[in-house]
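K.L.:
missing the sequence, but the structure's below:
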């Protein structure tokens, strides 16, 4: 693909922090609400072939990031915990031989309680995983069945308990505004998660995504708008009362427990994305590129075995698109970002988008602080309206 580079008076003086995202695209079964690039297991996991493909994929990207330290790694999916610990160990060994991985790098792996085994969790720790993110969604067995999950509440609690004995950092994923859910049942889930002692809780509003079974046929009993807002307020309030900091749209953490990998996304840092359908963002002194890999696992494997560059699409982000892309990330953070980060991470001076900034402030969506881009309480509530100001 032909690349059209843009050059500006303020091209990047320094490159941002760099992370690595690794996509593992398989699940035991596909959940009806999920629009991620995930695929139900049918004929077993091609673990060895997929790891070979991931390492070939990364080697193709190395010339674009030579010498840059990698601060965080994130295994997402799908269900990365389906892989054997020995496979994750082999992959991390290969990554360390290719990358300048920081000694204190945060390495996160997403896990499903339905794939929980004590020895496997121990193996992940021994391989170098430092943070486990457990996709619980609910502790209520009725809700879990409605969501099509493969685990029950007791299995979730056992997985969390074991994870907390092994890992300093553990995240629990919860969903709310579920079919038939009330404020009280949502609070039961939230309070159960808080009581485990996990230092990070991600709380997501269930949404009906297009091209999913729930999107085609929404389940019965979904809370209507006002009821859903009441549930959201109760969930957020309980987490705040328990000492969790609401630092990002859907993320709550105790002090020093924020997800460093996700913070790099929101601060418009760089990340290599390898694996089927993985997205990446790489900065150069004179341009910023977005990358995406072949989406279907079979297509991805074939491309990586044949000629890895064929499996990667690259696109230079235009100067006109950059302010929106920057704000789409930065304004998810409750505290926003320092204003100087715009020019540091995009090469675009604040003065160039001052009209859009003033519009957002006039609408009461952006704080009137020249030193920071920070959403107001209303801006956090109506984030899409705020982002529209920068289109």
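P.N.:
That came through fine. Keep in mind the model is a prediction, meaning the values are calculated, not measured. Numbers count the residues shown, from 1 in each chain.

K.L.:
Now do the strands in the stretch 251-391 of the chain.
P.N.:
Ranges of strands within the stretch 251-391 of the chain are 251-253, 270-274, 279-284, 287-293, 312-316, 337-338, 372-373, based on DSSP state E, counting those that start in this stretch.

K.L.:
Among the ones you listed, which comes closest to residue 152?
P.N.:
Residue 152 lies closest, by CB to CB, to one member of these: strand 251-253, at 24.2 Å. Yep, even glycine has a C-beta here, placed from its N, CA and C like the rest.

K.L.:
which residues in the stretch 51-200 of the chain form strands?
P.N.:
Going by DSSP E, counting those that start in this stretch, the stretch 51-200 of the chain shows strands at 69-77, 100-111, 131-137, 169-176, 200-205.

K.L.:
chain center to the next helix or strand after the last one, what's the gap?
P.N.:
Using DSSP states H and E, the helix or strand that follows strand 200-205 towards the C-terminus is helix 213-216. Distance, stretch centre to chain centre, for helix 213-216: 22 Å (CA atoms, centre = their mean, to the nearest Å).

K.L.:
Quick check: buried residues in helix 213-216?
P.N.:
Neighbour-count burial for helix 213-216, counted by 16 or more other CB atoms under 10 Å, picks out 213-214.

K.L.:
With stretch 120-132 instead?
P.N.:
120-121, 123-125, 127-132.

K.L.:
Give me the residues contacting it.
P.N.:
By CB atoms under 8 Å, 6 or more residues apart in numbering, the residues outside stretch 120-132 that reach it are 75, 81, 84-86, 88-89, 92, 105-109, 111, 159, 162-163, 166-171, 259.

K.L.:
Would you format the buried residues of stretch 120-132 as TSV with pLDDT and distance to residue 98 included?
P.N.:
Listed next are those as TSV, based on pLDDT from 0 to 100; distance: CB to CB, whole Å:
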residue	pLDDT	distance to residue 98
120	93	25
121	95	26
123	97	22
124	97	21
125	97	22
127	98	16
128	98	15
129	98	18
130	98	19
131	98	21
132	98	24
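
K.L.:
Among these, find me the one that's closest to residue 353.
P.N.:
Nearest to residue 353 among the buried residues of stretch 120-132: residue 131, at 35.0 Å, using CB to CB.

K.L.:
Okay, the closest one and residue 261: tell me how far apart.
P.N.:
Per CB to CB, to the nearest Å, residue 131 is found 8 Å from residue 261.

K.L.:
Find the residue ranges of the stretch 51-200 of the chain scoring beneath the pLDDT cut-off.
P.N.:
Within the stretch 51-200 of the chain, no range satisfies pLDDT under 70.

K.L.:
All the helices of it, residue numbers only.
P.N.:
Assigned by DSSP state H, counting those that start in this stretch, the stretch 51-200 of the chain shows helices spanning 85-98, 118-127, 141-146, 153-166, 183-196.

K.L.:
So which of those helices is nearest residue 326?
P.N.:
Among these, helix 85-98 sits nearest to residue 326 (CB to CB), with 28.2 Å.

K.L.:
picking that back up, redo the strands of the stretch 51-200 of the chain as a markdown table? Include distance to residue 154.
P.N.:
Below are the strands of the stretch 51-200 of the chain laid out as a markdown table (distance: least, CB to CB, whole Å):
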| stretch | distance to residue 154 |
| --- | --- |
| strand 69-77 | 23 |
| strand 100-111 | 16 |
| strand 131-137 | 12 |
| strand 169-176 | 15 |
| strand 200-205 | 19 |
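
K.L.:
Just name the most buried of those strands.
P.N.:
Across the strands of the stretch 51-200 of the chain, the average number of neighbours (mean count of other CB atoms under 10 Å) peaks for strand 131-137, which reaches a mean of 26.

K.L.:
So what are the sheet partners of it and their directions?
P.N.:
Each strand paired with strand 131-137, and its direction, by DSSP bridges: strand 100-111 (parallel), strand 169-176 (parallel).

K.L.:
now for the ones you listed, which one comes closest to residue 353?
P.N.:
Nearest to residue 353 among the strands paired with strand 131-137 is strand 100-111; the distance by CB to CB comes to 31.8 Å.

K.L.:
Please tell me how far the residue nearest to the spatial centre of the chain sits from residue 247.
P.N.:
Closest residue to the average C-alpha location of the chain: residue 262 at 5.8 Å, with CA atoms, centre = their mean. Going from residue 262 to residue 247 by CB to CB gives 10 Å.

K.L.:
Same check on residue 324?
P.N.:
For residue 324 relative to residue 247 (CB to CB), the value is 22 Å.

K.L.:
now do residue 384
P.N.:
Distance from residue 384 to residue 247, by CB to CB: 20 Å.

K.L.:
Between those two, tell me which one has more neighbours.
P.N.:
Neighbours were counted for residue 384 and for residue 247 using other CB atoms under 10 Å; residue 247 has more, 19 against 7.
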